[in-house]
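Chemist: pasting a predicted model and its sequence here:
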Amino acid sequence: MAHPLPDALLALPHRREVPFARLTTLGVGGVCRWLFEPVSEAQAQAFVRACAREGLPWRVLGGGSNLVVLGDVAEPVLRLRLPAELVRTGLEVQAPASHGHIQLSAATAAMGLAGMEYASGIPGSVGGAMHMNAGAYGRELVDVLARYRFLTADGDLVEKAPEPGEFSYRWSVLGAGRVALGLTVRLAEGDPDRIRALVADYRRRRGTSQPLGRRNAGCIFKNPPGLSAGRLIDQAGLKGLRVGDAEVSPDHGNFLVNHGAATAAQFAELMAQVRDRVRSVHGVDLEPEVEIWAAPSPHSPITG
Ligand code: FAD
Ligand code: EPU
């Protein structure tokens with residue numbers, strides 16, 4: 001039954017059987033059977049091309065901070081390990097997709113450049129932030145994005161400026177089998193004291209409203225237009241609702257936390273209960289904001 005992965009893939013740096021507890025901030029899920037960690041764009045391209053050639057399904061992982069994994073994952077998983085170099089040219093800063101997002105925000109602030117303060121508390125990688133068009137406090141990545149670079153599903157390399165419709169609230173064109181490789185942000189000359197004050201203010205607001213001391217994946221549901229999912233969950237009386245070690249945070253209704261040993265089944269059950277209760281109390285159907293990786297299909301060709 002075992003599907004031997006092609007030699008072109010096995011030649012790339014990879015690890016076997018890595019628990020998602022170590023790959024995600026939430027810490028729920030089974031094991032990642034094949035974790036490929038290319039250290040260059042050429043290796044990432046070789047990965048995508050080999051999978052495309054063989055018709056192999058695959059996934060891409062960043063910092064795992066927006067991910068709920070509901071079982072083992074047998075498909076090859078790509079996690080970029082590109083050199084963590086930032087290149088500044090005037091008001092523009094270029095970063096690889098595997099660079100830390102918070103670290104990019106901090107580095108641009110240290111350069112005296114204003115515009116990425118909003119990202120100072122959004123964990124994960126630059127690639128994940130590109131895919132999700134991550135944002136906070138009225139700003140999002142596309143607001144500062146000058147150019148971005150990615151591989152198509154066939155492994156072709158594209159670099160372009162963002163166009164209308166390519167990035168919206170917690171969504172981008174970088175799904176659909178594409179791999180973000182890097183970006184260039186365009187920022188503004190800033191006053192270091194003002195940048196520091198803004199970052200401190202965002203940190204304080206986040207620290208008082210979000211359960212940062214527990215394992216979580218950020219907000220679990222998208223805010224419906226004009227509404228706050230957190231407030232809807234709170235008003236439905238669901239804070240503190242618990243299934244095993246999975247709990248609706250008493251601090252923020254849209255954060256579902258793992259007290260340490262939450263299983264995928266417990267987490268999925270808690271998400272379902274929250275959706276059902278919000279639907280019956282408010283008549284609103286909440287849509288997940290997190291990416292959900294379901295257990296592999298029993299028909300998956302990859303078992304080894
Ligand atoms: P992952 O979780 O690894 O992946 C998320 C998705 O992006 C997956 O579909 C994955 O396949 C895809 N992806 C990852 N890398 C690539 C790549 N190179 N190319 C293509 N696709 C890729 N988010 C916000 O927007 N605003 C917030 O204020 C915010 N606050 C948070 C606070 C906390 C405490 C936590 C834990 C999370 C928070 N998040 C927030 C969610 C999360 O941090 C962001 O969505 C983040 O940008 C995800 O990046 P990641 O690298 O961890 O992505
Ligand atoms: N609220 C409640 N009860 C709660 C939670 C919130 O009444 O349990 C109320 C708050 O008092 C506030 C309103 O709801 O009046 C909005 O809450 P908050 O300011 O915490 O923002 P949010 O809409 O819940 C969004 C993003 C966050 C981002 C913050 C700050 C979504 C789904 N969430 O949260 O992003 O950090 O704004 O800009 O868009 C994420 O995407 O993972 C995330 C954490």
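Modeler: Looks like it came in fine. Ligands and ions are numbered 1, 2, ... in the order given.

Chemist: how deep is the closest residue in space to Ala261 that isn't next to it in sequence tucked in, by neighbour count?
Modeler: Nearest non-adjacent residue to Ala261, counting by CB to CB, 6 or more residues apart in numbering: Asp245, 4.6 Å away. Every C-beta, even on glycine, is put in place using the N, C-alpha and C of the backbone. Applying other CB atoms under 10 Å, we find 18 residues neighbouring Asp245.

Chemist: and Asp245, how far from His259?
Modeler: To His259, Asp245 is 4 Å away according to CB to CB, to the nearest Å.

Chemist: and Gly190, by the same measure?
Modeler: 40 Å.

Chemist: who has more neighbours out of the two?
Modeler: Taking neighbours as other CB under 10 Å, Gly190 and His259 compare with Gly190 leading, 20 against 12.

Chemist: which residue, other than its chain neighbours, is closest to the more buried one?
Modeler: Setting aside the residues directly before and after it, Gly190 is nearest to Ala114 in space (CB to CB, 6+ apart), at 2.8 Å.

Chemist: beta partners for the one you found?
Modeler: Residues in a beta bridge with Ala114, per DSSP bridges, are Ala188.

Chemist: the closest residue to Val281 other than its chain neighbours and Met116, how far apart?
Modeler: Closest residue in space to Val281, ignoring its immediate chain neighbours: Ala236 at 4.3 Å, by CB to CB, 6+ apart. According to CB to CB, Ala236 stands 35 Å off from Met116.

Chemist: what of Asp193?
Modeler: Distance, Asp193 to Met116, by CB to CB: 17 Å.

Chemist: now swap in Phe36 and tell me
Modeler: 29 Å.

Chemist: likewise Ala106?
Modeler: The gap separating Ala106 from Met116 is 9 Å, by CB to CB.

Chemist: show me which of the two is the more surrounded one.
Modeler: It is Met116, of Ala106 and Met116, that has more neighbours when counted by other CB under 10 Å, with 26 against 16.

Chemist: does that one touch Ile102 like I think?
Modeler: No - applying CB atoms under 8 Å, one finds Met116 not in contact with Ile102, separated by 9.9 Å.

Chemist: for Leu174, what are its contacts?
Modeler: The contact partners of Leu174, taken as CB atoms under 8 Å, 6 or more residues apart in numbering, are Met130, His131, Tyr148, Phe150, Ala180.

Chemist: who touches the residue lying closest to it once chain neighbours are set aside in this structure?
Modeler: Computed as CB to CB, 6+ apart, the closest residue to Leu174 that is not its neighbour in sequence is His131, at 4.4 Å. Listed by CB under 8 Å, 6+ apart, the contact set of His131 reads Gly62, Ser172, Leu174, Gly175, Ala180.

Chemist: endpoints of stretch 255-268, how far apart?
Modeler: From its first residue to its last, stretch 255-268 covers 14 Å (CA to CA, to the nearest Å).

Chemist: which residues touch it?
Modeler: Applying CB under 8 Å, 6+ apart, the contact partners of stretch 255-268 are 26-30, 68-71, 210-211, 214-220, 230, 243-249, 270-271, 274, 295.

Chemist: from those, which ones fall inside strands?
Modeler: When DSSP state E defines the strands, the subset of the contacts of stretch 255-268 inside them is Val68, Val69, Leu70, Val243, Ala246, Glu247, Val248.

Chemist: which SS state does Gly155 fall under?
Modeler: Following DSSP: H, G, I helix; E, B strand; the rest coil, Gly155 is assigned to coil.
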